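*Asks:* build me a model:
(one chain, ligands or ions: 1)
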Amino acid sequence: MGVEICVEGLTKSFGHQVIWQDVSLTLPAGEVSVMLGPSGTGKSVFLKTLVGLLKPDRGSVKIAGRDITRLREHELYEVRKLFGVLFQDGALFGSMNLYDNIAFPLREHTRKSESEIRRIVLEKMDMVGLIGSEPKLPGEISGGMRKRAGLARALVLDPEIILFDEPDSGLDPVRVAYLNQLIVDLNAQIDATFLIVTHDIASARQVPDNIGLLFRRELVMFGPREELLTSEEPVVRQFLNGRMQGPIGMAEEKDAAQVEQELAQLGNGSTQTPGSQALTPRLLPGPGILRPPRWNAIAEREAELRRRKAVADV
Ligand SMILES: Nc1ncnc2c1ncn2[C@@H]1O[C@H](COP(=O)(O)OP(=O)(O)OP(=O)(O)O)[C@@H](O)[C@H]1O
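*Replies:* Numbering: from 1, shown residues only. Next up, the predicted model:
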């Protein structure tokens, strides 16, 4: 059914380098959330902290009511079973075929019989569209197939939470579109809580229920998709529109005067992206896939926002 993750006052540093501080947010149970942020803002560190691979300096991460930052290693081992993680490159074992790669967590963490394992592996391979590829080695398939195999492997223990670390990296736009559809469909089918770290703005605009943005060692904003897509917050606007004008610089933060000048230019409309504040339509689950009940509430919320925007535009 998916569980809620409640993060409060989370701070992480390595030596003197503060990665982010005082991060608080709630990933609602069963919903899809995306975490954005310029390179090096600590998105991967955030994922690793959620799963208990890194210990924060301060703050708590409550999963199903338990603060995982305070658990001992053997207790963490149990909590980690709630998670499925899709690593950037799929993290498959190169010498194992896809079937054995996907069966690996079941053989490692359960006492299921080989026939039961076979049933589960084939079911998950079917869900990600990989039936027939069981004997292939990771080196013999495309990057998109490797991601889907990694996803099937993340699914075999029926996780309550799935973390995706840049699922779209290295894929062409068409494969990214298929993968996004797969993510939306899977979420509707298995109802787990999804958190996706991505740089792909088109995906971030269409796929999630919620969006968060890390910048300058802080969580600038976290909230419903429609709220961030229509936000006037300069960092959020710059990032979601993928443009150079704004507080985010090439390698570091820009000075205040330059930012002010660029924002003023944008305000004049000289370099305004057409429809920059538009509420991109959500990606819907494919035909025949039942939509979770929350979709009605979200659709109403978004329709209301569009009505208000239409009235304001008149
Ligand atoms: N184990 C570690 N020890 C020391 N520093 C680390 C460690 N892991 C990450 N860092 C540092 O933390 C910072 C954030 O890294 P992270 O990989 O989380 O960024 P990111 O936002 O995911 O970047 P990208 O978008 O480029 O993948 C970087 O400066 C990195 O060097």
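
*Asks:* can you pull the contacts of L305?
*Replies:* Listed by C-beta atoms under 8 Å, 6 or more residues apart in numbering, the contact set of L305 reads E226, T230, L279. The C-beta positions use only the backbone N, C-alpha and C, and glycine is treated the same way.

*Asks:* ok, now with 6 Å
*Replies:* E226 (C-beta atoms under 6 Å, 6 or more residues apart in numbering).

*Asks:* A strand includes it, no?
*Replies:* No. Read with DSSP: H, G, I helix; E, B strand; the rest coil, L305 is helix and lies in no strand.

*Asks:* low pLDDT regions in the chain?
*Replies:* Counting by pLDDT under 70, the ranges of the chain that qualify are 1, 89-90, 250-277.

*Asks:* could you pull out the strands in it for me?
*Replies:* Taking DSSP state E as the test, the strands found in the chain are 5-14, 17-27, 32-36, 58-63, 66-67, 83-86, 161-165, 193-197, 210-215, 218-224.

*Asks:* now for those strands, which one comes closest to the ligand?
*Replies:* strand 5-14 (3.6 Å; C-beta to the nearest ligand atom).

*Asks:* show me what counts as buried in that closest one.
*Replies:* I5, C6, V7, L10, T11, K12, S13 (16 or more other C-beta atoms under 10 Å).

*Asks:* what's in contact with it?
*Replies:* Outside strand 5-14, the residues that touch it by C-beta under 6 Å, 6+ apart are 19, 21-27, 45, 56-63.

*Asks:* tell me what the spatially most central residue of the chain is bridged to.
*Replies:* Nearest residue to the geometric centre of the chain (C-alpha atoms, centre = their mean): I196, 0.8 Å. Beta-bridge pairing of I196 under DSSP bridges involves V34, F164.

*Asks:* okay if I get the buried residues of strand 5-14 as CSV plus distance to P38?
*Replies:* Below are the buried residues of strand 5-14 laid out as CSV (distance: C-beta to C-beta, whole Å):
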residue, distance to P38
I5, 23
C6, 26
V7, 20
L10, 19
T11, 19
K12, 17
S13, 18
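
*Asks:* from memory I117 sits against I102, does it?
*Replies:* No. Counting by C-beta atoms under 6 Å, I117 does not reach I102; the two are 9.4 Å apart.

*Asks:* how many neighbours does the nearest residue to I141 once chain neighbours are set aside have?
*Replies:* Using C-beta to C-beta, 6 or more residues apart in numbering and skipping the chain neighbours, the partner closest in space to I141 is S133 (6.6 Å). Burial measure for S133: 18 neighbouring residues, criterion other C-beta atoms under 10 Å.

*Asks:* re earlier: as TSV, the strands of the chain with distance to the ligand would be great.
*Replies:* Listed next are these as TSV, based on distance: least, C-beta to the nearest ligand atom, whole Å:
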stretch	distance to the ligand
strand 5-14	4
strand 17-27	5
strand 32-36	9
strand 58-63	16
strand 66-67	22
strand 83-86	14
strand 161-165	8
strand 193-197	6
strand 210-215	7
strand 218-224	12
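
*Asks:* distance to R237 added to those strands, as CSV?
*Replies:* As requested, these are exported to CSV (distance: least, C-beta to C-beta, whole Å):
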stretch, distance to R237
strand 5-14, 24
strand 17-27, 20
strand 32-36, 12
strand 58-63, 28
strand 66-67, 35
strand 83-86, 29
strand 161-165, 25
strand 193-197, 20
strand 210-215, 10
strand 218-224, 11
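
*Asks:* among those strands, which is nearest I248?
*Replies:* Proximity to I248, assessed across these by C-beta to C-beta, is greatest for strand 210-215 (6.6 Å).
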